[in-house]
Structure formats: structure tokens, C-alpha cells
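S.K.: Predicted model and sequence follow; I will ask about them next.
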Amino acid sequence: MALSQHLPIYQLARDLTGLAVSLTRNMPRDLKRTLGDRVLDQCFDMSLLIFRANVAQGTDRLGHIQQLLERNQVAELTLRLCVDHRLISTKQYAKAIEITDQIGKQATGWKKHTAAAPVA
């Protein structure tokens, strides 16, 4: 088992969190506390779920990965709301979605691998 910090998916989550911090920095105060904080919370939760999935085994791991995929989708939806309300640019949104797509692909692969692994 690798350290969570060394996993490529963890590094992507860290990159997404850093991007979310910079995106929320320039949001209007009233929306920063609603949409901005929601994006940041999802990013922090994803990092935590990656850690939990990395140390868990079997069905516990699958549960954490499924929650990770759900948080990833919620982050994408919230970012979409931000771009729809012109809180972030389309270019910033595209960069964030590129990262969430990579996280989703890696998490889905991790989920398939875990489901196919024999129970120990």
C-alpha cells in the first residue's frame, strides 16, 4: 500500500483544491460563502476519502471510492453553477473539469480493480 500523498489521484485532488482556492478568492463575498465554500468542502472531502480508501480494504474501500465519485460529481455541478453565474471564467472551469475528469477516471479504475480483487 502506497502512502496516500504519493498516489496520482491524491495529487490531482490536491491540484483541484489549490485551483478551487484561487477560484474562490475573487468571488463576491455573498457567493463565496455559499458556492465557493461548497467547492472547497468537496475538494477537501475528496482528499480525505482518497486517504480512507487507501487504508481500507474490501467493501469498505468500495464505499469510500463510491463516495469519492459522488463528491467529484457534486464539485463538477457546483463549478458549473459558478461559471453559469459568471463567478469563474470558462477557461478556469475547463481547467477544473479537466482535473475532475482525471480524478473520475482514476477512481473508476480503482473501483473496478477493488471489485475484481479476491476478498482476503
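M.R.: Okay, I see it. Numbers count the residues shown, from 1 in each chain.
S.K.: So which residues lie in contact with the helix or strand of the chain with the lowest mean pLDDT, not counting its own?
M.R.: When each helix and strand of the chain is scored by mean pLDDT, DSSP states H and E, helix 29-31 comes last, with a mean of 86. Helix 29-31 is contacted from outside by 85, 87, using C-beta atoms under 8 Å, 6 or more residues apart in numbering. Yep, even glycine has a C-beta here, placed from its N, CA and C like the rest.
S.K.: what's the answer for stretch 38-50, then?
M.R.: Taking C-beta under 8 Å, 6+ apart as the rule, stretch 38-50 contacts 4, 7, 9-10, 13-14, 16-17, 20-21, 23-24, 64-65, 67-68, 71-72, 74-75, 78-79, 82, 103.
S.K.: Got a quick ChimeraX command for the buried subset of those residues?
M.R.: Restricted to buried positions by 16 or more other C-beta atoms under 10 Å, the ChimeraX selection for the contacts of stretch 38-50 reads:
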select :4,7,9,10,13,14,16,17,20,23,24,64,65,67,68,71,72,74,75,78,79,82,103
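S.K.: Among the contacts of stretch 38-50, name the ones in helices.
M.R.: Counting by DSSP state H, the part of the contacts of stretch 38-50 found in helices is 9-10, 13-14, 16-17, 20-21, 23-24, 64-65, 67-68, 71-72, 74-75, 78-79, 82, 103.
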